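Peer 1: The sequence and its predicted three-dimensional model are supplied below.
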There are 2 protein chains.
Amino acid sequence: MLTHLRELVFGPPLPTGRLEGERLNKVRALAALSPDALSSVAYANQEIFLGLAVAGAAGLAYSLPIAVAIAGLLVIVSVSYSQTLWAYPTGGGSYTVAKENLGATPGLVAAGALLIDYVLTAAVSLTAGVAAIASAFPMLWPYRVPLSLAILLIILVANLRGLRESGTAMTIPVYLFLGSFGAMLVAGLVTAAREGPGDWSGVPATGVPITLVLLLHTFAAGCTALTGIEAISNGITVFRPPVSRNASRTLAIMAVLMVALFLGSIGLIHYLAVVPQQAETILSALARRILGDSGGYYLVQGATLLILAVAANTSFADFPRVASILARDRYLPGQFANLGDRLVYSNGMLVLATLTAILIFVFGGDSHALIPLFAVGVFLAFTLSQAGMVVHWIRARSAGWRFKSLVNGVGATLTAATFLIVAFSKFREGAWIVLVLIPAMAIVFRAVHLHYREVSRGLTLHGLPPDLRPAPKPRVVIPISGVHRGIVDAVRYAQAISDEVRAVYVEIHPGQAEAVLRQWHDWWPDIPLDIIPSPYRSLIGPLLSYLDQIDEHFNDGLQATVLLPEFVPAHWWQGLLHNQTAWLLKTAMLYRRRRHGYQRAIIDVPYHLKR
Amino acid sequence: MLTHLRELVFGPPLPTGRLEGERLNKVRALAALSPDALSSVAYANQEIFLGLAVAGAAGLAYSLPIAVAIAGLLVIVSVSYSQTLWAYPTGGGSYTVAKENLGATPGLVAAGALLIDYVLTAAVSLTAGVAAIASAFPMLWPYRVPLSLAILLIILVANLRGLRESGTAMTIPVYLFLGSFGAMLVAGLVTAAREGPGDWSGVPATGVPITLVLLLHTFAAGCTALTGIEAISNGITVFRPPVSRNASRTLAIMAVLMVALFLGSIGLIHYLAVVPQQAETILSALARRILGDSGGYYLVQGATLLILAVAANTSFADFPRVASILARDRYLPGQFANLGDRLVYSNGMLVLATLTAILIFVFGGDSHALIPLFAVGVFLAFTLSQAGMVVHWIRARSAGWRFKSLVNGVGATLTAATFLIVAFSKFREGAWIVLVLIPAMAIVFRAVHLHYREVSRGLTLHGLPPDLRPAPKPRVVIPISGVHRGIVDAVRYAQAISDEVRAVYVEIHPGQAEAVLRQWHDWWPDIPLDIIPSPYRSLIGPLLSYLDQIDEHFNDGLQATVLLPEFVPAHWWQGLLHNQTAWLLKTAMLYRRRRHGYQRAIIDVPYHLKR
């Protein structure tokens, strides 16, 4: 029944043969790889507005220069990344590039930053998307946390079913957003031409001075506009050949679209002097200013929610993929590399969804509160990736290596500077969390790796050849709880495999042993039964010391095998009605194995009750 | 380290030989067995006041007649119970008497009622005790729940250490309460004589009419004064010989004390027209009226808390004892009959403490809210016990059986009537919970019993003698995850016990089997390795069907033994880094055992990693 329910929700299992790489044309590839990058305009705009509004109308006047600076950075990073596309046509994520060119530790730092970013992308996109739709329907505003969690759950289930980010359904939100947002910008230009510039005279002066710190702070928050730009170099394998050329053209298109959406919206906000109401995003205020309370306004808000949901969805492709690569490189538990029933990395998805849900819950579903954590990791990964490319070109010394390393060097320097600005200006607001987490994760990756290396050293068959002769016949000890039918099969099994069988009875209630001994000798006169008194009524302790004594007595270098007659009730709840001695004993022996290098074999012989 | 901590809190384990029955003189026996009965004056008074205050001053005027009726009932029930002391000198709890004379089902109903009562005694006594001390120190009033839980925890730990209810320390609160409360009553008589009667004219009329229903309702709540009266017949074995005479005299003394405390306090409240303040019990108001804000007042409140805590403590002797008797009769899981390290029934104590804590928490630490649940079970157990005694005398036909059965008959009739009054008048306030729970518990007891009977039938060696010849040598199948040092010991062990060994490898990633097969044949050319493809990447399912196929192939009536090379990491957390396949496989086979009567033996051969 559980199986049926599972198949209903997640679909029937798929055979491994169905795992294939589908190749996409540029239109569909853009839809698959750009949602994260395009949708970041939604929260980046919001951050610039919130950062400057602190200083009132005078502050807001700086939005355009800051936006231009960010757009410039965006262009440089895009050019820098397009070089990666040519150098790594089989996939050049930050982890791969940093590890290959800078070494394992920078690679792991980049990987830690990436994993954190994917979680934050999901959390920020979902909360920003819900904020967009709650701006249109204000009665939803108080329910942003449950709404975000509900959409998260839908995305998780869809991904566990094996949703492909390249599916046709995924292209609709992207082009719907591009179409409606683009149309809005055009309409905005018409409005601007007709109505002329607005002014922020309605915004009260706050008395907060416009300092360099304030501007850098706003710049840092606005840099979240660049998030997602690396998606094309990560997902390059979906392109049709010639892979590098198609990918770099798509990257160029994406960068142009990002700049157009970003500068277009900020420019209009600036020119029309748009101010949002309580419980409304700045983009919603812009759309309302241009389109009024029309169907077009609701279309833009709906499309914003959709593309942000699709952006969150990209994390469900990226996080499990990076985790699985790390697991395959033995830096994370192997479970992250297991393909689930539906050919997806289910464990990675579940971990991602859990962490995202925690973030949404802890930060109250407020994307503004999450942003300070966000950009740090993104720009650290950018920097490591670009720095890796510099080393790559210097090492390769292929045609034009000087120019190429210069381009990536400029990219690395600018992203590093941005990383420092973000880290310092947002430190106390939450960036410190990520700055602590990233090295901590790198340390964990190392520890996991070390453990796996120890294991594989311990398991190797190279070097000293092990003893391959059959072991001597085991001595068998059967702990019994009494003389009853449940131990008959156990004794017979022991006799089949061993010439040295003995039973042992722990006498918990004084005086009970006599009857057990008598019955035992009636049935098995040839097999010795040892009695251990247990004045303190414990079972496990006396039994374990008895086993050690027996081994000492025989002194043949063997550890006696313990054969447990295990009583199996017909229903699980009936297990509650029994003392679970076999289970306790196995647990105790496992503990002893860990502590004392116990090598005892344990045999379970079940006795099955009919009802 | 854990062991040390445990010994620090609970004391070192005690040997079974230390289990002994201490015999007490009457003074100490009274202290051991009466706290529950004597302390019930505290909440019974409170209930009568709260029940009548609804109808204002006119209602309160009825407190004395109701108290007299309850006192009369108390005397009759005492006389009735004293006959039990002569008939059952080795212990005549309601369960025993009802089972022996009325049959198993009434016995189980009585047992269910008793267990519920013990939980409620603990919860009501603790909350009433905390209310007494919080009346003296009003700043404690909002913290009644955590205070009650803290005292519960202290009592639990003391009992798990092996606190004896017969200890000298236990006698102090009882005689302190008797002394201080008695002195207060005497002082109250002096006050009454000097000041003359008060009146309730200050109490505003509520307009609620005084109906028969209201009076019965109050009577029902006040009947909680009788709780604990059965303790002497339960605990009769602590008396020195002549047991029955000593016990019945002690019961008489206890009944006289109960009547004196109960009527004395209600009489004074009535005569002096005492009214409590907000956040104060009626007994606290009485003590304050008589003793003022003196040290004597605080002594009375402190003594009330102490005796109520000791009363709660008696549940920690009674509940585990009844549960252990039921477990020995196989109506409850055997774990309740296990003596813990300190020679106490630890499991029963833990269950009692958990249930009590839940009740205190759910009912907000308010004894008034718990009372409706309380008296139902008490009077049901009284009725069954007294009715059992009637049957006992009729069957025995010993000297004076007619008179004796008449006395118990009157007792049974009155307690049955009270039971009905309580059940009806308190039904909607919570009595229904207990009326549902008691039969439900009786059904569970029956189901448990039935299961144990099936088990012992299944385990008996009588009747058809089982096959005692050694089993044929097992066929062994070793599931392997690859060819490595961890399976070497497993293969050697298999060769030692079997002539028909084979290994099996589940190929999850297509193409991996070839290398495994080659390595295997290099090391063990004589042992066949079967490869199972697993297109859906599952391990357990294909393995289980393979085992069935192998058995079918050999067709020798045997089920192949599964030998699991189990990798044991050095630290528990390292287990997270491995797939836990052995554990999963064992769980799946256990499930299959339950479903399909699988009889496969399982052998664990550990491979221990050094670091």
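Peer 2: Structure received.
Peer 1: low pLDDT regions in the stretch 51-200 of chain A?
Peer 2: The stretch 51-200 of chain A contains residues with pLDDT under 70 at A:163-167.
Peer 1: Report the closest residue of it relative to chain B.
Peer 2: For the stretch 51-200 of chain A and chain B, the shortest gap (C-beta to the nearest C-beta) falls at A:G162, measuring 13.1 Å. From N, CA and C alone the C-beta is placed, and that goes for glycine too.
Peer 1: domain parsing for chain A?
Peer 2: Chain A breaks down by automatic domain parsing into domains covering A:26-452, A:475-608.
Peer 1: Deepest in the core, which of those is it.
Peer 2: domain A:26-452 (a mean of 20; mean count of other C-beta atoms under 10 Å in any protein chain shown).
Peer 1: Now do the SS call for the residue of the stretch 51-200 of chain A closest to chain B.
Peer 2: coil (DSSP: H, G, I helix; E, B strand; the rest coil).
Peer 1: Need the nearest residue in space to it, chain neighbours excluded.
Peer 2: Spatial nearest neighbour of A:G162, excluding adjacent residues (C-beta to C-beta, 6 or more residues apart in numbering or on different chains): A:R342 at 3.8 Å.
Peer 1: dump the residue contacts of that neighbour.
Peer 2: A:10-11, A:13-14, A:160-162 (C-beta atoms under 8 Å, 6 or more residues apart in numbering or on different chains).
Peer 1: which one of the residues you listed sits closest to B:T237?
Peer 2: Nearest to B:T237, judged by C-beta to C-beta, of the contacts of A:R342 is A:F10 at 62.0 Å.
Peer 1: Just the helices from the stretch 151-300 of chain A, written as ranges.
Peer 2: A:168-195, A:212-222, A:231-234, A:243-272, A:282-291, A:295-328 (DSSP state H, counting those that start in this stretch).
Peer 1: and those, which one's lowest on average pLDDT?
Peer 2: Among the helices of the stretch 151-300 of chain A, helix A:231-234 has the lowest mean pLDDT, at a mean of 84.
Peer 1: Tell me the gap between that helix and the middle of its chain.
Peer 2: 18 Å (C-alpha atoms, centre = their mean, to the nearest Å).
Peer 1: export it as PDB, just CAs?
Peer 2: Coordinates of each C-alpha in helix A:231-234 appear next as PDB, following Å, rounded to 0.1, in the frame of the first residue of the first chain:
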ATOM      1  CA  ALA A 231      24.700  28.800 -14.700                       C
ATOM      2  CA  ILE A 232      25.600  28.600 -18.400                       C
ATOM      3  CA  SER A 233      29.200  27.500 -17.700                       C
ATOM      4  CA  ASN A 234      27.900  24.900 -15.200                       C
END
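Peer 1: packing partners for it?
Peer 2: helix A:63-87, helix A:243-272, helix A:295-328 (3 or more C-beta pairs under 8 Å, 6 or more residues apart in numbering or on different chains; DSSP states H and E).
Peer 1: which residues are in contact with it?
Peer 2: So helix A:231-234 is contacted by A:33-34, A:36-37, A:81, A:84-85, A:88, A:91-93, A:247, A:250-251, A:254, A:314, A:318, A:321 (C-beta under 8 Å, 6+ apart).
Peer 1: So for chain A, the centremost residue is which one?
Peer 2: For chain A, the residue nearest the mean C-alpha position is A:L352 (3.7 Å; C-alpha atoms, centre = their mean).
Peer 1: Which one of the residues in the stretch 1-150 of chain A is closest to chain B?
Peer 2: A:P15 (3.8 Å).
Peer 1: The closest residue in space to A:G430 that isn't next to it in sequence: which element?
Peer 2: With sequence-adjacent residues excluded and distances taken as C-beta to C-beta, 6+ apart, A:G430 is closest to A:P372, at 3.9 Å. Assessed by DSSP states H and E, A:P372 sits inside helix A:367-396.
Peer 1: and the next element down the chain from that helix?
Peer 2: helix A:401-425.
Peer 1: Please name every helix or strand in contact with that following helix.
Peer 2: helix A:63-87, helix A:212-222, helix A:367-396.
Peer 1: what sits up against that helix?
Peer 2: A:73, A:76-77, A:79-81, A:83, A:213, A:216-217, A:219-220, A:223, A:375-376, A:379-380, A:382-383, A:386-387, A:389-390, A:393-394, A:431, A:435.
Peer 1: again, only this time at 6 Å
Peer 2: A:73, A:76-77, A:80, A:83, A:216-217, A:220, A:223, A:375-376, A:379-380, A:382-383, A:386-387, A:389-390, A:393-394, A:431 (C-beta atoms under 6 Å, 6 or more residues apart in numbering or on different chains).
Peer 1: filter those residues by proximity to chain B?
Peer 2: Among the contacts of helix A:401-425, not one lies near chain B by C-beta under 6 Å from any C-beta of the partner chain.
Peer 1: follow-up on the earlier one: skip the chain neighbours and tell me the closest residue to the residue of the stretch 1-150 of chain A closest to chain B.
Peer 2: Going by C-beta to C-beta, 6+ apart, A:P15 has B:P535 as its nearest residue, at 3.8 Å.
Peer 1: Please tell me how far the one you found sits from A:P12.
Peer 2: Distance from B:P535 to A:P12, counting by C-beta to C-beta, to the nearest Å: 13 Å.
Peer 1: Same check on A:S538?
Peer 2: Taking C-beta to C-beta, one finds A:S538 at 50 Å from A:P12.
Peer 1: Give the rounded mean pLDDT of stretch A:376-389.
Peer 2: Here the average pLDDT along stretch A:376-389 is 91.
Peer 1: three-state assignment of the spatially most distant residue from the centre of chain A?
Peer 2: What lies farthest from the middle of chain A is A:D522; by C-alpha atoms, centre = their mean that is 62.9 Å. At A:D522, secondary structure determined by three-state DSSP is helix.
Peer 1: Quick check: it vs A:V504, distance?
Peer 2: A:D522 is 18 Å from A:V504, by C-beta to C-beta.
Peer 1: just to revisit the earlier point, ok, the residue of the stretch 51-200 of chain A closest to chain B touching A:Y345?
Peer 2: No: taking contacts as C-beta atoms under 6 Å, A:G162 lies outside contact range of A:Y345: 10.8 Å.
Peer 1: For A:S94, give me its contacts.
Peer 2: Taking C-beta under 6 Å, 6+ apart as the test, what A:S94 contacts is A:110, A:114, A:381, A:384-385.
Peer 1: and chain B, which of those reach it?
Peer 2: Counting by C-beta under 6 Å from any C-beta, no member of these reaches chain B.
Peer 1: what's the closest of the residues you listed to B:I325?
Peer 2: A:L114 (63.5 Å).
Peer 1: For the closest one, pull up the helix or strand it's in.
Peer 2: Using DSSP H and E, A:L114 falls in helix A:104-136.
Peer 1: Now do that helix: which elements does it pack against?
Peer 2: helix A:35-53, helix A:94-102, helix A:144-160, helix A:295-328, helix A:346-362, helix A:367-396, helix A:432-459 (3 or more C-beta pairs under 6 Å, 6 or more residues apart in numbering or on different chains; DSSP states H and E).
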